[in-house]
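> 3D model of this:
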Amino acid sequence: MKILVIGSGGREHALVWKIAQSPLVKKIYCAPGNPGIAEIAECVDIDPVHIDGLYNFALKQKIDLTVVGPEDALMAGITDRFREGRLQIFGPTKRASAIEGSKVFAKTLMRKHGIPTADFKVFEDIKQAQKQVTTAEFPLVIKADGLAKGKGVFVCKTPEEAHQHLEDIMKEKIFGHAGDRVVIEEFLSGEEVSILAVTDGNTILPLSSAQDHKAVYDGDKGPNTGGMGAYSPVPLVTQQLQFFIEENILVPAIHAMKRENRPYKGVLYAGLIITSAGPKVLEFNARFGDPETQAILMRMKSDLVPILLLAEKNMLGDAEIEWNDGASVCVVMTSKGYPDAYEKGIPISGLETIKESNHLRVFHAGTAMKGGKISTNGGRVLGVTALGNDLPEAQNMAYGAIGKLSFAGAHYRRDIGAKAMCRK
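Residues are numbered from 1 along each chain as shown. Take a look at the predicted model:
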């Protein structure tokens with residue numbers, strides 16, 4: 001088989017790494033890829049939202065399956081284009097991707113179909129939104145409606161904070177048209193978990209639980225990011241809780257999308273918070289999470305490729321997944337200043353000292369080759385991911401490897417997985 005992976009981040013590096021292990025696969029392309037991906041796949045310089053370019057490439061190279069990483073490509077309609085041309089592709093259609101592309105759509109869907117989530121109101125007018133926060137209870141949460149690279153959600157502790165964020169989103173347009181509408185919702189207390197499931201639109205195949213760490217600093221302090229690290233599995237998610245999530249959130253969401261004439265095929269990512277009243281949905285994403293994918297795939301014993309093919313062929317009921325009994329940890333190293341302004345082009349040292357294996361990988365997220373040297377090329381630069389017999393061993397391996405890596409201004413959280421350790 002020939003497989004094309006779309007994207008250039010740590011998630012895509014992990015997907016390429018896992019796909020490359022399949023005996024079914026003879027050749028992997030990645031568009032556009034990165035220097036880490038280039039070690040195991042042929043990178044092609046096509047932008048993920050250049051849909052015609054990707055389609056023509058897949059057609060010419062006789063690609064057997066395309067796997068989409070980033071949400072931008074899904075929102076641009078890559079799945080629709082490929083399916084129209086009878087090319088196999090794993091990922092939801094543009095209409096189905098609205099479950100991530102519009103917070104308003106997702107929240108309205110959940111309310112309509114009884115999927116547990118926070119109470120909310122939608123605003124298109126900044127004055128009405130400001131009037132709402134003037135009399136609301138705090139803390140509360142403000143979300144930009146559209147895509148904002150994981151940075152469009154704000155927990156506000158005071159009316160002053162809320163007014164400022166509304167100004168930034170709706171007036172200053174820091175997220176462009178993604179901020180034309182906002183969702184203002186109640187703040188939910190609890191611990192967050194990520195549950196991803198492969199689905200063919202009828203059947204779901206849940207992946208192992210993971211916990212993302214969105215805040216930039218230790219102790220969940222500072223602004224939200226695209227994700228500073230993750231671990232898997234999450235001790236909080238017992239078998240009983242997993243079953244409840246599947247029966248009351250994942251399955252209803254798939255059925256709801258079908259009833260809304262938006263059949264959903266691909267990966268459905270449920271960002272949940274486990275409250276005293278049970279699990280509730282914070283957000284849905286229409287693709288593999290980043291950095292959850294790095295941690296989850298490190299634990300997956302099964303071949304990923306047959307699972308993706310069965311989903312595409314509406315035969316997911318025949319699929320099974322075997323997991324490693326241990327635990328995995330992914331720690332993200334970022335550029336100085338992230339998630340705000342940061343420099344690019346800073347040389348990275350120490351990569352050659354890491355002895356990679358199926359138990360330790362350095363997934364490239366934002367890197368580029370510059371003058372024969374790998375340098376930083378994004379906010380999130382590397383995802384150092386380890387698999388251990390238990391969480392402490394995985395932590396030690398990941399942070400031990402980070403100790404060998406350096407670039408000017410490098411930042412990373414030192415508490416990835418700490419909540420699970422406390423729980424034990």
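> okay, and for this structure, where does confidence drop off?
423-424 (pLDDT under 70).
> Just the strands from the stretch 301-424 of the chain, written as ranges.
Secondary structure of the stretch 301-424 of the chain by DSSP state E, counting those that start in this stretch: the strands cover 327-334, 360-364, 367-370, 373-376, 380-388.
> how about the fourth one as CSV, C-alpha atoms only?
What follows is strand 373-376 as a C-alpha-only set of coordinates in CSV (Å, rounded to 0.1, in the frame of the first residue of the first chain):
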residue,chain,number,x,y,z
LYS,A,373,21.0,21.7,10.9
ILE,A,374,17.6,21.1,12.4
SER,A,375,16.1,24.3,13.8
THR,A,376,13.0,25.5,15.5
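> helices or strands next to that strand in the packing?
Contacts defined by 3 or more Cβ pairs under 8 Å, 6 or more residues apart in numbering; DSSP states H and E place strand 373-376 against strand 367-370. Any C-beta I mention is one placed from the backbone N, CA and C, and that applies to glycine too.
> Likewise for the second one?
Secondary-structure packing of strand 360-364 (3+ Cβ pairs under 8 Å, 6+ apart): helix 10-19, helix 292-299, strand 380-388, helix 391-402.
> would a markdown table of the strands of the stretch 301-424 of the chain with mean neighbour count be doable?
Putting those into a markdown table (neighbours: other Cβ atoms under 10 Å) gives the following:
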| stretch | mean neighbour count |
| --- | --- |
| strand 327-334 | 29 |
| strand 360-364 | 25 |
| strand 367-370 | 18 |
| strand 373-376 | 20 |
| strand 380-388 | 27 |
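> Make JSON lines out of the ones you listed and add distance to residue 57.
Converted to JSON lines, these look like this (distance: least, Cβ to Cβ, whole Å):
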{"stretch": "strand 327-334", "distance to residue 57": "30"}
{"stretch": "strand 360-364", "distance to residue 57": "22"}
{"stretch": "strand 367-370", "distance to residue 57": "21"}
{"stretch": "strand 373-376", "distance to residue 57": "25"}
{"stretch": "strand 380-388", "distance to residue 57": "26"}
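> Could you dump the helices and strands packed on strand 360-364 into TSV and include distance to residue 215?
Shown next, in TSV, are those (distance: least, Cβ to Cβ, whole Å):
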stretch	distance to residue 215
helix 10-19	18
helix 292-299	16
strand 380-388	14
helix 391-402	18
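> neighbours of the nearest residue to residue 200 once chain neighbours are set aside, just the number please.
Computed as Cβ to Cβ, 6 or more residues apart in numbering, the closest residue to residue 200 that is not its neighbour in sequence is residue 316, at 4.1 Å. Neighbours of residue 316 under the rule other Cβ atoms under 10 Å: 22.
> Help me confirm that residue 316 comes into contact with residue 197.
No: if you go by Cβ atoms under 8 Å, residue 316 and residue 197 don't touch, sitting 9.8 Å apart.
> Report the set of residues contacting both of those two.
Residues touching both residue 316 and residue 197 (Cβ atoms under 8 Å, 6 or more residues apart in numbering) are 204, 205.
> And residue 146, how close does it get to residue 155?
From residue 146 across to residue 155, the span is 19 Å (Cβ to Cβ, to the nearest Å).
> can you pull the contacts of the residue nearest to residue 126 when sequence neighbours are not counted?
Nearest non-adjacent residue to residue 126, counting by Cβ to Cβ, 6+ apart: residue 170, 4.3 Å away. Residues in contact with residue 170 (Cβ under 8 Å, 6+ apart) are 126, 129, 179, 180, 182.
> among the residues you listed, who's most crowded?
residue 182 (27 neighbours).
> In the sheet, which residues pair with that one? Tell me.
On the basis of DSSP bridges, residue 182 is bridged to residue 123, residue 144.
> check contacts around it.
122, 123, 129, 142, 143, 144, 145, 166, 169, 170.
> can you tell me which residues contact the second one?
Each residue near residue 123 by Cβ under 8 Å, 6+ apart is listed here: 129, 132, 181, 182, 184.
> Any idea which residue is closest to the centre of the protein?
residue 289 (1.9 Å; Cα atoms, centre = their mean).
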